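Colleague: Okay, here's the prediction I keep looking at, along with the sequence it came from:
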Amino acid sequence: MRKQRFGPAFLVLGIMFLMIAAYVVWAYESVKPASDKICNGVYIDNINISGMTKEEAGKVLQAHIEKLTAQTLEVDVNGQIVSTTLGALGYKGDAGDAIEQALRVGKEGGLFSNYAHIKAVEAENVVFPLEFSYSEKKVKKFVKNQCGKKCTNAVDAKIKMKNGKLVYTESKDGVTIDTDATIKSIQEALRTQEDTGPIRVSATVLLQKATVDRELASRCNDKLGTFSTKFNAGNIGRSKNVANAARLINGTVIKPGETFSVHDAISPMTEKNGYYAAPSYSNGQVVDSIGGGVCQVSTTLYNAVLMAELEVVERSPHSMVVSYVEPSMDAAIAGDYKDLKFRNDSDVPVFIEGGTYSGTIYFNVYGEETRSADRKVKFESEVTETIEPGADKVTYDKTKPSSYEAVTQEAHIGYKAVLWKIVTENGETEKTQVNSSTYQAEPRYVTRGAMTATPTPKKDDKDNKDKDDGKKPKETAAPSRTAAPRQTQKPKETAAPKATDAPATPEPTAAPATELQ
């Protein structure tokens, strides 16, 4: 009896299960995607790729990425818009294996699990990420170069000499872009973008104050130091070099804390920059070189700076003494290893005025006078050792007769010298050493004839020759002796300048560059 009672129940259950299974099979078959297509409800980023093949999805994604890279980024820089494309910033998308994963949705399990997965995806969708990246280097370059150009730089008050008086202009404040903060804003905008419209970002700008305003500039109104030296105006090339270098320095403003380099101010030493060939020192000899004479410019400025009592950072003596100042008062320029540098160690801008007239070069240094009225400064050059030039350096010329002698360069006496600064103030005197210098001695350079004597012809040969040509032999006059008397060059005495303590730059044993004397 019991078996008859449960039999129909099992039969009913079996029929129901078969019906459900049949329904699921039918339902799965109705929603099951083709093996090469993606099921419904699958997205990559915000792109619906439902029902697409791998190739179709790839094309759609590529078009989407290209659309995004063509998207515009607009940066507001202090009211001015700077725009670029994301592609120009190295922006690019990468789907990775998202399409492969999308193809496997609803196909990796059994019939029932696949059906359940497909229905769940239809209801809630599944989204695979599309990864984007950009070039940090390109973003930074865009911000600094293109956005930075829209900023207005601060303009310092200018100092000029007009009709013998110093005049001053007004300063202007500016704005500068905060590069790091602006880059962060761009990065955040790229990370959170949701559509393909223009991305808008406001740049972070900072107020830029002028370093020198008119009030500070106008405090530069006192002549702190002046100095002049003479040159031979008849030496045209050298005179033009002196005038040109003085012109390049004239009008220079040195801000508080800045260091001025004569080499940088007057370079390059080229004809295009206004220089000519003129005498210079090179390896103990006087030779012509482009820019010869500019050392007199640096020397004159050096003494004006000493009188102004500014800080001398670098100074080198010549290899041999010069005639326009006493030993240890000179400042040589040679290549990039001998330079005159000085620093504005005051709180006020310094103005340099310089020029030439009637064989004179001068420099005036202006600033704010803070020294006491009773401060007296003088400088004394002291020669501590004299070095004799030694024997002549003789060169023999075989094209000249033995009686020939010519002096090509006079001897130079060598010296060791120091420069002393003597300050008298409040009734007390203090003496300190400014620098020390060594000038090498050079012998006199002489050229002598070394021609071999021609043998005297025999009388018979001479008579025969006379018979043949019927002419008397031509007499040759003996060459005159042109050698100049031996001389030595001594330092010329000039008025001592006013100076500051500054160590001399040690001179190398062999000069690698020409000193422009």
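Modeller: On my side now, so go ahead.
Colleague: Would you mind giving the secondary structure of A245?
Modeller: With DSSP: H, G, I helix; E, B strand; the rest coil as the basis, A245 sits in helix.
Colleague: which residues touch it?
Modeller: Counting by C-beta atoms under 8 Å, 6 or more residues apart in numbering, A245 makes contact with I266, G291, G293, V294, V297. For glycine as for every other residue, the C-beta is placed from the backbone atoms N, C-alpha and C.
Colleague: Does the second one touch K272 like I think?
Modeller: No. Under the contact definition of C-beta atoms under 8 Å, G291 does not touch K272, with a separation of 12.0 Å.
Colleague: where exactly do the helices run in the protein?
Modeller: 2-31, 54-69, 98-104, 111-124, 136-141, 179-192, 214-217, 236-249, 262-266, 294-308, 459-469 (DSSP state H).
Colleague: out of those, nearest to Y337?
Modeller: helix 262-266 (9.6 Å; C-beta to C-beta).
Colleague: circling back to that earlier point, tell me the most buried of the helices of the chain?
Modeller: Among the helices of the chain, judged by mean count of other C-beta atoms under 10 Å, the one packed with the most neighbours on average is helix 294-308 (a mean of 28).
Colleague: Between the helices of the chain, which one is closest to C147.
Modeller: helix 179-192 (6.6 Å).
Colleague: And the helices of the chain: which comes nearest Q517?
Modeller: Closest among the helices of the chain, using C-beta to C-beta: helix 294-308, at 5.0 Å.
Colleague: still on that earlier bit, looking only at neighbour counts, state which of G291 and K272 leads.
Modeller: G291 (28 against 6; other C-beta atoms under 10 Å).
Colleague: Could you find the closest non-adjacent residue to the more buried one?
Modeller: Leaving aside its chain neighbours, G291 sits nearest to M269 (3.6 Å; criterion: C-beta to C-beta, 6 or more residues apart in numbering).
Colleague: my guess is L207 contacts D178, does it?
Modeller: No. Assessed by C-beta under 8 Å, L207 is found out of contact with D178, at 10.9 Å.
Colleague: Tell me which of these two has more neighbours.
Modeller: Between L207 and D178, counted using other C-beta under 10 Å, D178 has the larger neighbour count: 15 against 9.
Colleague: thought that one was touching L206?
Modeller: Yes. Using C-beta under 8 Å, D178 makes contact with L206 at a distance of 5.4 Å.
Colleague: Count the neighbours of P279 for me.
Modeller: 16.
Colleague: Tell me who's in contact with it.
Modeller: N235, R238, V286, V287, D288, G292, G293, Q517.
Colleague: Please repeat the previous calculation with a cut-off of 7 Å.
Modeller: P279 is in contact with R238, V286, D288, G292, Q517, counting by C-beta atoms under 7 Å, 6 or more residues apart in numbering.
Colleague: again with D336
Modeller: Here D336 is in contact with H263 (C-beta under 7 Å, 6+ apart).
Colleague: can you check G237 too?
Modeller: G237 touches Y276, A277, A278, counting by C-beta under 7 Å, 6+ apart.
Colleague: Would you list the buried entries among the residues you listed?
Modeller: Neighbour counting with 16 or more other C-beta atoms under 10 Å marks Y276, A278 as buried within these.
Colleague: Just the contacts of G237: which are in strands?
Modeller: With DSSP state E as the criterion, strands contain A277, A278 from among those.
Colleague: Columns distance to A70 and pLDDT on top of the contacts of G237, output as TSV?
Modeller: Shown next, in TSV, are these (distance: C-beta to C-beta, whole Å; pLDDT from 0 to 100):
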residue	distance to A70	pLDDT
Y276	59	94
A277	60	91
A278	63	89
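Colleague: buried stuff in stretch 402-415?
Modeller: Of all the residues in stretch 402-415, those buried under the rule 16+ other C-beta under 10 Å are Y404, E405, A406, V407, E410, A411, H412, I413, G414, Y415.
Colleague: can you tell me which of these are in strands?
Modeller: Those of the buried residues of stretch 402-415 lying in strands (DSSP E): E405, A406, V407, A411, H412, G414, Y415.
Colleague: Same list, these, but as a markdown table with pLDDT and distance to F132 please.
Modeller: Output for those, formatted as a markdown table (pLDDT from 0 to 100; distance: C-beta to C-beta, whole Å):
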| residue | pLDDT | distance to F132 |
| --- | --- | --- |
| E405 | 93 | 88 |
| A406 | 93 | 83 |
| V407 | 92 | 82 |
| A411 | 91 | 80 |
| H412 | 91 | 75 |
| G414 | 95 | 75 |
| Y415 | 96 | 75 |
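Colleague: Leaving out sequence neighbours, find the closest residue to N48.
Modeller: Closest to N48 by C-beta to C-beta, 6+ apart is V42, at 7.7 Å.
Colleague: err, G41, not the other one
Modeller: Using C-beta to C-beta, 6+ apart, the closest residue to G41 is V121 (4.0 Å).
Colleague: Quick one, grab the pLDDT at the residue minimising distance to the centre of the chain.
Modeller: In the chain, the centroid-proximal residue (C-alpha atoms, centre = their mean) is D264; its distance is 11.0 Å. For D264, the pLDDT comes out at 97.
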